[in-house]
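*Asks:* fold the stuff below for me.
(4 chains)
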Number of protein chains: 2
Amino acid sequence: MSNADGAAGVQSVDRALTILERLARSGEAGVTEIASELGVHKSTAFRLVATLEAHRLVEQTEDRGKYRLGVGLLRLAGATTARLDLVQEARPVCRQLASETGETVNVAVLSESSALYLDQVAGSSALQPHNWVGQHIPLHATSNGKVLLSGLSRQECDAVLSKMSAYTPTTITTKAKLRAELDQVREQGYALAVDELEVGLTAVAAPIRNVHGDVVASMSVSGPTFRIGAERVEEITGKVVEAAEEVSHRLGWGHR
Amino acid sequence: MSNADGAAGVQSVDRALTILERLARSGEAGVTEIASELGVHKSTAFRLVATLEAHRLVEQTEDRGKYRLGVGLLRLAGATTARLDLVQEARPVCRQLASETGETVNVAVLSESSALYLDQVAGSSALQPHNWVGQHIPLHATSNGKVLLSGLSRQECDAVLSKMSAYTPTTITTKAKLRAELDQVREQGYALAVDELEVGLTAVAAPIRNVHGDVVASMSVSGPTFRIGAERVEEITGKVVEAAEEVSHRLGWGHR
DNA sequence: GTCAGCGTTGCTCATGGCGCAACGGTAGCC
DNA sequence: GGCTACCGTTGCGCCATGAGCAACGCTGAC
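*Replies:* The predicted structure is shown next:
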């Protein structure tokens, strides 16, 4: 058992799952390509892929074609979020918010020192934005991240923050500035991020609280900066705060 | 090689994936429980689960606790939806439907208070209809529009509906009548429009759903009213519903 | 205290998975 | 057109590897 790096256990299962991750990264790949990356014979890779295919976790683009991720994953992921009542309660509210604003709505939680995006409802705009679901995004560069941080104590916050990389010229990179920002977030009840993760991307987020009042998640509306100008920010802010409060209520916070 | 049902290939991978499906169905389970269902020793089940855990596809509720699906699945599913393009997935199904019925097939989505037509496949008839792709069409006067509206809540529906102009004598122009119509659409799973947008134009539409079951688009068959009489409506309805369900499946919805 | 059941872990053996080589098909290139 | 090169796919035989066994630490019920 030459268990060098972290993932191990059952070799063939490990390899199969590595294939899934590989396909998630690059879109699609052929058997030979996969085999050489895994360092196994292509017949081995083929059998692994065939087993994944039998469970609809991958599918081939055409007969004798390349392979890509399959719809079976959607079902599994659906079951994953279905057990989180947060997502269940938030979804109708998200849809309503997305339809009112026409922009993309996301729900994120704190996970391992970053923001984990749990759900996304696309806005009505024809061009689809990038899908964030399942991704871990840095806390200091997003509106959701700021909201999630604003629910932590100073010590917890320090523990969670590692290095704060600059993604754009306006990314907050010092703890002092971030603390001031978080104070503001706590005071006004929402967070704003303009061009901080990506130039041209604006987002507004508000906290979702559980029955005890703890910040358990964050809900955001995001879209291109050219479409979300100063005056729309104000309108959207009101709506996202209201929506997040509605979800908080459904989770038992406030009562009335 | 005593595998009864379809899935086979690499045994341990097959078992691991079966565990995922099992967890998707029932929420969470312990090692012993899983082992007995798979018909293997619990140490075997444990190692499979541990490998899945190393890739974050499952997680345990607490130390030495039960197992459930993990967040790694969200990431994989996110990568899947990124490549899922409605038009691309729908196109082969549309072509088949157009060739079976001989009429024109359209795919539309909700956009800015109207139905936006994304794709069209012309029927085999010599008489070609005009091209709807890219056009915004009123929601209350088309079968596609009714289907798209039927997926909205009452508030969302009201927010989206502006004034309901009459295009023909049979156009629905009151909210009460439209609501009754939408209830019927929801119940029967398709929408019909005869001479409502244009005299002499009949269309039948059915909903396309995403993995969550949300109505994300609508697929319609349309043609001259003289060619689509009462008896053909019945035949066409079945086919368009079936086709829309096929596309929904490709987008991850349902699976039996 | 006892017992039963859980998740977890060395150990050992045979079985299931791997590499090999060959096949059929396709695309590109002289 | 024939040739080459490479693709995904498949039977076969050997041995690494994954399965079963049994024991351990732990928790909770009685």
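
*Asks:* how about the residues of the stretch 1-150 of chain A by DNA strand C?
*Replies:* A:Gln11, A:Ser12, A:Arg15, A:Gly39, A:Val40, A:His41, A:Lys42, A:Ser43, A:Thr44, A:Arg47, A:Leu48, A:Arg64 (C-beta under 7 Å from any atom of the strand). Quick note: C-beta positions are derived from backbone N, CA and C, even for glycine.

*Asks:* now the residue in the stretch 101-250 of chain A positioned nearest to DNA strand C. Nearest residue, chain neighbours left out?
*Replies:* Among all residues of the stretch 101-250 of chain A, A:Glu112 sits closest to DNA strand C, at 18.9 Å; criterion: C-beta to the nearest atom of the strand. Leaving aside its sequence neighbours, A:Glu112 sits nearest to A:His136 (C-beta to C-beta, 6 or more residues apart in numbering or on different chains; 6.9 Å).

*Asks:* wait, isn't the one you found in contact with A:Ser114?
*Replies:* Yes. Using C-beta atoms under 8 Å, A:His136 is in contact with A:Ser114, at 4.1 Å.

*Asks:* helices along the stretch 51-200 of chain A, start to end?
*Replies:* Under the criterion DSSP state H, counting those that start in this stretch, the stretch 51-200 of chain A contains helices at A:72-82, A:85-101, A:143-150, A:154-160, A:175-188.

*Asks:* okay, buried residues for the shortest one please.
*Replies:* It stands for helix A:154-160. A:Cys157, A:Val160 (16 or more other C-beta atoms under 10 Å in any protein chain shown).

*Asks:* so the helix ranked longest in chain A versus helix A:85-101, what angle?
*Replies:* Among the segments of chain A that qualify as a helix by DSSP state H, the longest is helix A:230-250. Calculated by axes from the mean of the first three to the mean of the last three C-alpha atoms, to 10 degrees, helix A:230-250 forms an angle of 150 degrees with helix A:85-101.

*Asks:* elements contacting helix A:230-250?
*Replies:* helix A:85-101, strand A:201-209, strand A:215-224 (3 or more C-beta pairs under 8 Å, 6 or more residues apart in numbering or on different chains; DSSP states H and E).

*Asks:* now the ones you listed in TSV, with distance to chain B, mean neighbour count and mean pLDDT?
*Replies:* As requested, these are arranged in TSV below (distance: least, C-beta to the nearest C-beta, whole Å; neighbours: other C-beta atoms under 10 Å in any protein chain shown; pLDDT from 0 to 100):
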stretch	distance to chain B	mean neighbour count	mean pLDDT
helix A:85-101	5	20	87
strand A:201-209	17	26	94
strand A:215-224	14	25	93
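
*Asks:* wait, which of those is closest to DNA strand D?
*Replies:* Distance to DNA strand D, taken as C-beta to the nearest atom of the strand, is lowest for helix A:85-101 among those, at 23.8 Å.

*Asks:* so which elements touch that closest one?
*Replies:* Against helix A:85-101 (3+ C-beta pairs under 8 Å, 6+ apart) you get helix A:72-82, strand A:104-111, strand A:114-121, strand A:215-224, helix A:230-250, helix B:154-160.

*Asks:* kindly recompute the last result at 6 Å.
*Replies:* strand A:104-111, strand A:114-121, helix A:230-250 (3 or more C-beta pairs under 6 Å, 6 or more residues apart in numbering or on different chains; DSSP states H and E).
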